[in-house]
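S.K.: prediction below, plus the sequence it came from.
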Amino acid sequence: MPLIGTFAVHRQAQDRAVDVQSLRRQYFALPEDDFNAFKRSSASQRLFCEGTRRTDSRSRLSIEMRDAIFGSRLRTRGVEISLAATATYPGVVAVIAGNGVARVLGGAEPSILDDLNATGEWLEIVAAAARAHRADESTVLLFGITDQHGGIEVTLLPQADASVLALLRPLHFETSLQRSLIDSRQRYKNLAELASDFTWETDRSGNFTFVSPSLALDWPAHALVGRSVAEFLVDLPVGQELPPVFRARERRSDEIVFRRLDGGREWLSASAAPLIDGAGEWCGARGFCRKVTEERSRERAAARVSVQTRLAAQLIRTLGETVDPEAALSAAAASVGLAIAASGVAIFRFAAEGGLTRVAEWGEPSDRPDCEEISAFSPDGTIDRDDEHGLLLGRAVRAGGETNGAVVLWRDRALGAIAPDDRALLAALADPLGATIAKLDERSRTLALSRTDPLTGELNRRGFFAEAARRHARLLRTPASATLVYVDLDNFKLVNDRHGHEAGDAALKTLCEILRTASRSDDLLARLGGDEFVLWLGGVGGATAVARAEEILAASQSLAALSGDSLRPLGLSLGLAIYDPSRPESPEELLARADAAMYQAKRHGKGRFTVADPVVRHRSGDGPQS
């Protein structure tokens, strides 16, 4: 138990006279009989005499006395001490004689002397007592902490007879308090480190004044202290106030996005309390931050899965309940694109002639050639690519165990990678999409039957007007020329009358072949009924329309071999109505003009064509007139 330190207390005397009576009254407060008995004792011989005694200013006032015990009280150096009190003193009260021998007067922990004797430190106390007496200095010694007593404080009070009163006190309370403070500080530090990633303080201006030594998102503390919190917050507009948590005037919590040292971002949960200075004024905030990026990511992922689960259920229900399969597929493409944050989505069906035909799309168009290639799909019916064109994810869809189409989406790399739950959503929609495409195929077949002429395989009147309406709407959006050719067989009744209906049917089929040969792939051919046909020539007008009519008439010469009467040969009469985008008219109006021109050609001798007069509009609201 090493000696920690020594403290001396000097009592400088004043030059004054001391008389015995005042000494008795001032220092001893003894009854008269006891004081007289004390004067007669040997303890008083050195100090007390009749009359007065003077000391000069260079000496110390000598009012010390030997220990004097009267009954149950100890009187020393003018202080009266109860012996019962010494018995309960939290340590040891002892008197060290000039020869170094100690006499214990009392104390609750006499084992202190045994410890000091065992360690040899008692000799240091005896030597210090002698020095204290020679210097007439009250001395305090501190010995280091031990397991049994903690620190020990020794107070040495010199007496007049070369003895020294020693008060030895274990520092249980001080040591416990010190340990408690250390433990409390360490506990707070450990809890703060466990509950947060870093702690901080800010001043009135929102600058960091303290950051815990542990790295704050890889930032060393010195890199943050003295700088504004705003420098480290992500997406905080210039001039906007700091989040309230960093200027808290009451306990509060906020979530913020903090910039990492590597430039990344971290979601933090910040909690703070106000800082109050000595004058009771607010001077900043103190708080801690805890990373919640992973928690928020998990929450967003769970929410995303929940949303996608509900979306998949809704889409499956919509696909099953929507009467129009094309509308259902268009809605599905839009919903998938929004749910997966795709740049674009397309849904395909297998065409009868092979390959994929797009039936629904959403978003930005894709110029990827592999988007519509069956060969791009792997054997398991998927496509998953990340190349210079961006990200591509696709999945084949099936109905009745047979692949009948595909759903494909593409995404710009800037929008991030395609997540596993995105693939799961696409997989969940594969069968419902396949069933909807199967409905579309069935509907197409039924519609084709209702819109198709069974003899020639071309559109019938109903099919023609439905398709003509779509093409007309396109002309209104993007003005362009078009020509409608009305075709009627000359002398066709004679074929049926002379050779029968089978010959008539053969003549109609031959006419269809002539018209197909004279038309392009995007032209529209239909049989309106009997021997009347129409041919829609998109993007054709003026001289080009006349040249096409001449080609058709030239090709129709082959029909003469099928005539019912050589004097009245089988041939064609054509009526042309040219669509003028500056004078829009409906498909019905266009057809009426072409029909009138065809009858004009018949009246002029058949086997020819006539171009209808242009549309003339006389007044606003009037219909077209030719």
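M.R.: Sure, I can see it.

S.K.: where does the protein dip in pLDDT?
M.R.: 1-83, 144-150, 173-179, 192-195, 215, 303-312, 320-322, 352-354, 369-376, 616-626 (pLDDT under 70).

S.K.: next SSE downstream of whichever helix in it runs longest?
M.R.: Scanning the chain for the helix with the most residues, using DSSP state H, yields helix 420-451. Toward the C-terminal end, the helix or strand that comes next after helix 420-451 (DSSP states H and E) is helix 461-477.

S.K.: got the contact list for that following helix?
M.R.: With CB atoms under 8 Å, 6 or more residues apart in numbering as the contact definition, helix 461-477 has outside contacts at 450-452, 459, 482, 524, 526, 528-529, 534, 536, 538, 579, 581, 584, 586-588. All C-beta atoms are positioned from the backbone trio N, CA, C, and that covers glycine.

S.K.: next: stretch 247-254.
M.R.: Residues outside stretch 247-254 that contact it (CB under 8 Å, 6+ apart): 202, 206, 241, 243-245, 269-274, 282, 284-285, 287.

S.K.: out of those, flag the one nearest to Gly571.
M.R.: Set against Gly571, the nearest of the contacts of stretch 247-254 by CB to CB is Pro243 (88.0 Å).

S.K.: neighbours of that closest one, how many?
M.R.: By other CB atoms under 10 Å, the residues close to Pro243 number 19.

S.K.: could you find the closest non-adjacent residue to it?
M.R.: Excluding its sequence neighbours, the residue lying closest to Pro243 (CB to CB, 6 or more residues apart in numbering) is Asp254, at 4.9 Å.

S.K.: only C-alpha atoms, please: export the helix or strand encompassing that neighbour in PDB.
M.R.: Following DSSP H and E, one finds Asp254 within strand 252-259. Output of strand 252-259 as PDB, limited to C-alpha atoms (Å, rounded to 0.1, in the frame of the first residue of the first chain):
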ATOM      1  CA  ARG A 252     -37.200  14.000 -30.100                       C
ATOM      2  CA  SER A 253     -36.300  11.500 -32.800                       C
ATOM      3  CA  ASP A 254     -36.000  11.700 -36.600                       C
ATOM      4  CA  GLU A 255     -34.800   9.600 -39.500                       C
ATOM      5  CA  ILE A 256     -32.100  11.000 -41.700                       C
ATOM      6  CA  VAL A 257     -29.900  10.000 -44.600                       C
ATOM      7  CA  PHE A 258     -26.200  10.500 -43.800                       C
ATOM      8  CA  ARG A 259     -23.300  10.500 -46.200                       C
END
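
S.K.: in that strand, what's buried?
M.R.: By 16 or more other CB atoms under 10 Å, the buried positions in strand 252-259 come out as 252, 254, 256, 258-259.

S.K.: any chance of those residues in TSV, plus distance to Thr610?
M.R.: Shown next, in TSV, are the buried residues of strand 252-259 (distance: CB to CB, whole Å):
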residue	distance to Thr610
Arg252	87
Asp254	82
Ile256	80
Phe258	81
Arg259	79
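
S.K.: what about the longest strand in the chain?
M.R.: Ranked by residue count under DSSP state E, the longest strand found in the chain is strand 265-276.

S.K.: and that one with strand 252-259, angle?
M.R.: Strand 265-276 and strand 252-259 meet at an angle of 140 degrees, taking axes from the mean of the first three to the mean of the last three CA atoms, to 10 degrees as the criterion.

S.K.: which residues touch the very next helix or strand once past strand 265-276?
M.R.: Downstream of strand 265-276, the next assigned helix or strand under DSSP H and E is strand 282-291. The contact list for strand 282-291 (CB under 8 Å, 6+ apart) reads 192, 195-204, 209-210, 216-217, 245-249, 256, 258, 266-277.

S.K.: buried subset of those?
M.R.: 196-202, 209, 216-217, 245-248, 256, 258, 266-272, 274-275.

S.K.: farthest-separated two in the contacts of stretch 247-254?
M.R.: Pairwise distances across the contacts of stretch 247-254 peak at 23.1 Å for Ser269 and Trp282 (criterion: CB to CB).

S.K.: what about Ala594, how many residues nearby?
M.R.: Neighbour count of Ala594, defined by other CB under 10 Å: 24.

S.K.: secondary structure element for it, which one?
M.R.: Assigned by DSSP H and E, Ala594 belongs to helix 587-603.

S.K.: would you mind listing the buried residues in that helix?
M.R.: For helix 587-603, the neighbour count (16+ other CB under 10 Å) marks 587, 589-598, 600-601 as buried.

S.K.: using CSV, list the CA coordinates for that helix.
M.R.: C-alpha atoms of helix 587-603 as CSV (Å, rounded to 0.1, in the frame of the first residue of the first chain):
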residue,chain,number,x,y,z
PRO,A,587,-65.1,5.0,-94.4
GLU,A,588,-68.8,4.8,-95.3
GLU,A,589,-68.6,8.1,-97.2
LEU,A,590,-65.5,6.9,-99.0
LEU,A,591,-67.2,3.6,-100.0
ALA,A,592,-70.3,5.4,-101.3
ARG,A,593,-68.2,7.6,-103.6
ALA,A,594,-66.3,4.5,-104.9
ASP,A,595,-69.5,2.6,-105.5
ALA,A,596,-71.0,5.5,-107.5
ALA,A,597,-67.8,5.7,-109.6
MET,A,598,-68.0,2.0,-110.3
TYR,A,599,-71.6,2.2,-111.6
GLN,A,600,-70.5,5.2,-113.7
ALA,A,601,-67.9,2.9,-115.3
LYS,A,602,-70.5,0.2,-116.0
ARG,A,603,-72.8,2.9,-117.7
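
S.K.: following element in sequence after it, please.
M.R.: On the C-terminal side of helix 587-603, the nearest following helix or strand under DSSP H and E is strand 609-611.

S.K.: each with direction, which strands does that following strand pair with?
M.R.: Sheet pairing of strand 609-611 (DSSP bridges) gives strand 571-579 (parallel).

S.K.: just want the angle from the strand it pairs with to helix 461-477.
M.R.: 30 degrees.

S.K.: okay, angle between strand 571-579 and helix 587-603 too, please.
M.R.: Interaxial angle, strand 571-579 versus helix 587-603 (the same axes, to 10 degrees): 140 degrees.

S.K.: what about strand 571-579, distance to the chain center?
M.R.: Relative to the chain's own centre, strand 571-579 is displaced by 67 Å; criterion: CA atoms, centre = their mean, to the nearest Å.

S.K.: over to stretch 201-216?
M.R.: Computed by CA atoms, centre = their mean, the separation of stretch 201-216 from the middle of its chain amounts to 24 Å.
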